[in-house]
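*Asks:* could you work out the structure for the sequence below:
(chains A and B)
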Amino acid sequence: MFEEQIQMPRMGTSVHESTILSWKKSEGDKVRKGEPILSAESDKIEFEIESTVDGVLKTILKESNSVVPVGSILGIIVTENRPEKPEIDDSNQENLPNSNEQIWAAPVAPLDLESEEIPSTNSIKNPSKKSSKTSYLNFLSPKVRKLIAQHKISDAKLSEIVGTGFNGRISSKDILDFVNQRNKIQNSVKYEDLYVSENNLVNINFSPIEIDSLKKESHEELSVTRKKIAKNLLISSTTIPQVTLFLDIDMSRIISWRESNKKGFKSRHNLNLSYTTIISIGIISAIRMPIYKTFNAIFRETKLEIKRYINLGIATDTKNGLIVPVIKDADSLSFIELSQKIEDVTKRAKTNSLDPGETNDATITFTNFGHTGASSGNPLINPPQVSIIGTGKINSKVIPINQTEIGIRPIMNLALTFDHRINDGAIAGKFATTIKNNIERMNLKQLEF
Amino acid sequence: MNNKTYSDAIREALWEEMERDENVYLIGEDIGLGGGAFYITKGFHEKFGDLRVVDTPLSEAGFTGSAIGSSLAGLRPVVEFQFADFVTESFKMIVDFAAGNFFRKMGEVPIVFRLPAGALTSAGPFHSQNPEIWFFGTPGIKIVAPSNSYDAKGLMKSAIRDNNPVIFIEYKKFYNYPTSELPAPLRIEIPEEDYEVTIGKARILSEGKDISLITYGTTVLQALKAAEQISEEGASVEVIDLRTIIPFDKETIIDSVKKTGKILFLHEARKQGGISGELSSLISEEAFEYLDAPPIRIGAINTPVPLSPPLEKAYLPNTQEILIALRDLLEY
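*Replies:* You can find the predicted model right below:
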């Protein structure tokens, strides 16, 4: 035996209550499924409520003429059949305000929507879109084209950029990353605009030098070091017919590589990544080539001693004057070893702590005078050597970067002074060009650290 | 602290305008003795009387036509449609006799039509629609659609003071929502003194440089929520509330596209036939060289508004869908 409740139905979204007009059945009466058992009225219409089961009307809970809220239980029917009707959904009941307030209830429901079903048709990556994958490889959106023009990126450079956008297209981000990288190279060599202000004027003193009249001149004997330098250079300039060749080297790759790696190098080896070391490598690689062996030699009287080992002299400025410590067997050193040695000898040269033999037996000398501010210069050969290479300050220069466009690049001037008795201009020019190529196109990945 | 609801704001605007100008009057079903189906005009009839708060029979075409006639004679009616959906009964009146008048030199029609619109109230297909799409192609009419109480009051005042016919779209689901629970851009303090919100000017709710998200009405909330989520992921979305559908603020939209190059249009109205189609084409025509990706649109699916709550949710744009579209656009 089951008890089936008779509920007051909701007869419209705005109906909150109805009035029972009259019961058609009395307590104890048999009822059949679908048979009307009472009539009621809401503010819009009169309606009948039917029995949902076969059974007997056991109890009447609400009498005729009573006003009852929607959902109230009006009576009970007992039945032998399990009722099958679904539950009445009352879940909206709590949202209905008092019927005196609004005629139509606007429920205060949560305003946002979360649905498990996510229609994805509106995304730009909707797979049903017909465009083919390959069409994106060379696709440049209008904004990207604008950026390319704005930043003057050549076609050659554009072909080097890897696209990380949709289907491999070159995105705005890819362009901007490229420009940032390029700026890093260009910005690491500062362009110095001539800026003169009240704070950096050089004042000229027009009054005579004030000194004790007895000391208008001072006479002194040359120091030991200066005597040595003087003697050497006199021999050099009076006995060696030396000629200097100049060429320009584009340092962009080296600078960019150095910027990216100097921190890591320092933290791993406690060494600085120095231009002197890298240029030395370029020089050493050139000297190794058999055709240039005559540049790595000692010349006395008429005998030319071609050396198969490279003792590279590194000209170093000290407070006592120019000192040239020598890296023995520089050709057999790894990049790290060479870096270490160069840093070490130049430091000890400056603190006057070199050992006696360390300034002897150079087979070729390299002088990097960039730190002095000079862009180029023609160094004098250290006899009995037959060549010397010098490099100056790296300056930003305007150069053509293709057939029609100019660019700004960091340029370093390299000077090769050679003993013309031993080598002629042609081979000297080739030697200098090889050094330039070695530096400009060095396979930097091979510099292991 | 803005404690006023969206319906408070509309009610205040109507009341203040009724007090300010005796030519302003209200007309619609159940607005007088009943106080309005959504309680907006409760108390008006007691204060302003029969002639200024007019209860009408169930005849939209009839009372719309009569209101238009009265406006030609110098009055300034505010016509309430009980549900936006019912405006279709008055279509001819509005399009032929209100909108076109100015162009045909038939006099000014300073009338406001109030339309309670929008879904997510389980009200079914006849009580949940978005009417702006039906009038979008009609010259001579303005359409505004505020998303918050501050804009609602300001735009209602501008609409009543405007000498053109203005369709004022109100969103049912915003009526009683507690303002304190809304995000900051929608909680602007409503000043004591009189103010207007200019018709035809959009508002940038949050600035960004990666994507422009153009929206109005109910989807403003979802837009702000999605933008916040994206900003936590490292990018920034510029959310623009159109506020006015006609005339729409082309300048603000194009300025934004110039900045970002990527644009997403979002509205509750269906995608097909929605105003995002017009705006999207306009961007392609006038700002093509700034685009970094094709313009994208999100709107409801192309069916009538379902009655059943889960179906209604599936019909409307949801926050997940918006987030996916934004992320895909960022990666494009």
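*Asks:* surely B:Ile27 touches B:Leu75?
*Replies:* No - using CB atoms under 8 Å, B:Ile27 is not in contact with B:Leu75; the gap is 9.9 Å. Every C-beta, even on glycine, is put in place using the N, C-alpha and C of the backbone.
*Asks:* dump the helix or strand of chain B with the lowest mean pLDDT to CSV, restricted to CA.
*Replies:* The weakest-scoring helix or strand in chain B, judged by mean pLDDT, DSSP states H and E, is helix B:309-315 (a mean of 89). Below are the C-alpha coordinates for helix B:309-315, written out as CSV (Å, rounded to 0.1, in the frame of the first residue of the first chain):
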residue,chain,number,x,y,z
PRO,B,309,18.1,25.7,-17.8
PRO,B,310,21.0,23.4,-19.0
LEU,B,311,20.0,24.1,-22.6
GLU,B,312,19.9,27.8,-22.0
LYS,B,313,23.4,27.6,-20.5
ALA,B,314,24.6,25.7,-23.5
TYR,B,315,23.0,28.2,-25.9
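*Asks:* of B:Ile27 and B:Leu75, who's got more company?
*Replies:* Remark: of B:Ile27 and B:Leu75, B:Ile27 carries more neighbours, 22 against 18, as counted by other CB atoms under 10 Å in any protein chain shown.
*Asks:* check contacts around the residue nearest to the more buried one when sequence neighbours are not counted.
*Replies:* In this structure, B:Ile27 finds its nearest non-sequential neighbour in B:Val54, 4.2 Å apart by CB to CB, 6 or more residues apart in numbering or on different chains. For B:Val54, the contact set (CB atoms under 8 Å, 6 or more residues apart in numbering or on different chains) comprises B:Tyr25, B:Leu26, B:Ile27, B:Gly28, B:Ile31, B:Gly32, B:Phe63.
*Asks:* okay, now the sheet partners of the helix or strand the first one falls within, with direction.
*Replies:* Read that as B:Tyr25. Using DSSP states H and E, B:Tyr25 sits in strand B:24-28. Strand B:24-28 sits in its sheet next to strand B:53-55 (parallel), strand B:76-80 (parallel), going by DSSP bridges.
*Asks:* highest average neighbour count across the ones you listed?
*Replies:* strand B:76-80 (a mean of 26; mean count of other CB atoms under 10 Å in any protein chain shown).
*Asks:* ok, residues contacting that one?
*Replies:* In contact with strand B:76-80 (CB under 8 Å, 6+ apart) are residues B:14, B:17, B:21, B:23-29, B:31, B:36, B:40-41, B:63-64, B:67-68, B:70-71, B:110-114, B:160.
*Asks:* what's downstream of it, the next helix or strand?
*Replies:* helix B:91-92.
*Asks:* contacts for that following helix next, please.
*Replies:* B:Ala61, B:Trp134.
*Asks:* that older thread, what comes up buried for the least confident helix or strand of chain B?
*Replies:* Neighbour-count burial for helix B:309-315 flags B:Glu312, B:Lys313, B:Ala314, B:Tyr315 (criterion: 16 or more other CB atoms under 10 Å in any protein chain shown).
*Asks:* quick one, what contacts the most centrally placed residue in chain B?
*Replies:* Most central in chain B under CA atoms, centre = their mean is B:Ala145, positioned 1.4 Å from the mean C-alpha point. By CB under 8 Å, 6+ apart, the residues touching B:Ala145 are B:Glu132, B:Ile169, B:Tyr171, B:Tyr216, B:Gly217, B:Leu242, B:Arg243, B:Thr244, B:Ile245.
*Asks:* can you put those residues in JSON lines and add distance to chain A, pLDDT and secondary structure?
*Replies:* Shown next, in JSON lines, are those (distance: CB to the nearest CB, whole Å; pLDDT from 0 to 100; DSSP: H, G, I helix; E, B strand; the rest coil):
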{"residue": "B:Glu132", "distance to chain A": "20", "pLDDT": "95", "secondary structure": "helix"}
{"residue": "B:Ile169", "distance to chain A": "15", "pLDDT": "98", "secondary structure": "strand"}
{"residue": "B:Tyr171", "distance to chain A": "10", "pLDDT": "95", "secondary structure": "strand"}
{"residue": "B:Tyr216", "distance to chain A": "15", "pLDDT": "97", "secondary structure": "coil"}
{"residue": "B:Gly217", "distance to chain A": "12", "pLDDT": "96", "secondary structure": "coil"}
{"residue": "B:Leu242", "distance to chain A": "19", "pLDDT": "97", "secondary structure": "coil"}
{"residue": "B:Arg243", "distance to chain A": "18", "pLDDT": "97", "secondary structure": "coil"}
{"residue": "B:Thr244", "distance to chain A": "22", "pLDDT": "97", "secondary structure": "strand"}
{"residue": "B:Ile245", "distance to chain A": "20", "pLDDT": "97", "secondary structure": "strand"}
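*Asks:* can you redo the residues you listed as TSV with neighbour count?
*Replies:* Output for these, formatted as TSV (neighbours: other CB atoms under 10 Å in any protein chain shown):
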residue	neighbour count
B:Glu132	23
B:Ile169	23
B:Tyr171	28
B:Tyr216	28
B:Gly217	26
B:Leu242	25
B:Arg243	26
B:Thr244	26
B:Ile245	23
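*Asks:* ok, the nearest residue to the residue nearest to the centre of chain B once chain neighbours are set aside to A:Arg268 distance?
*Replies:* Spatially, and ignoring its direct neighbours in sequence, B:Ala145 is nearest to B:Ile169 (4.1 Å; CB to CB, 6+ apart). The gap separating B:Ile169 from A:Arg268 is 67 Å, by CB to CB, to the nearest Å.
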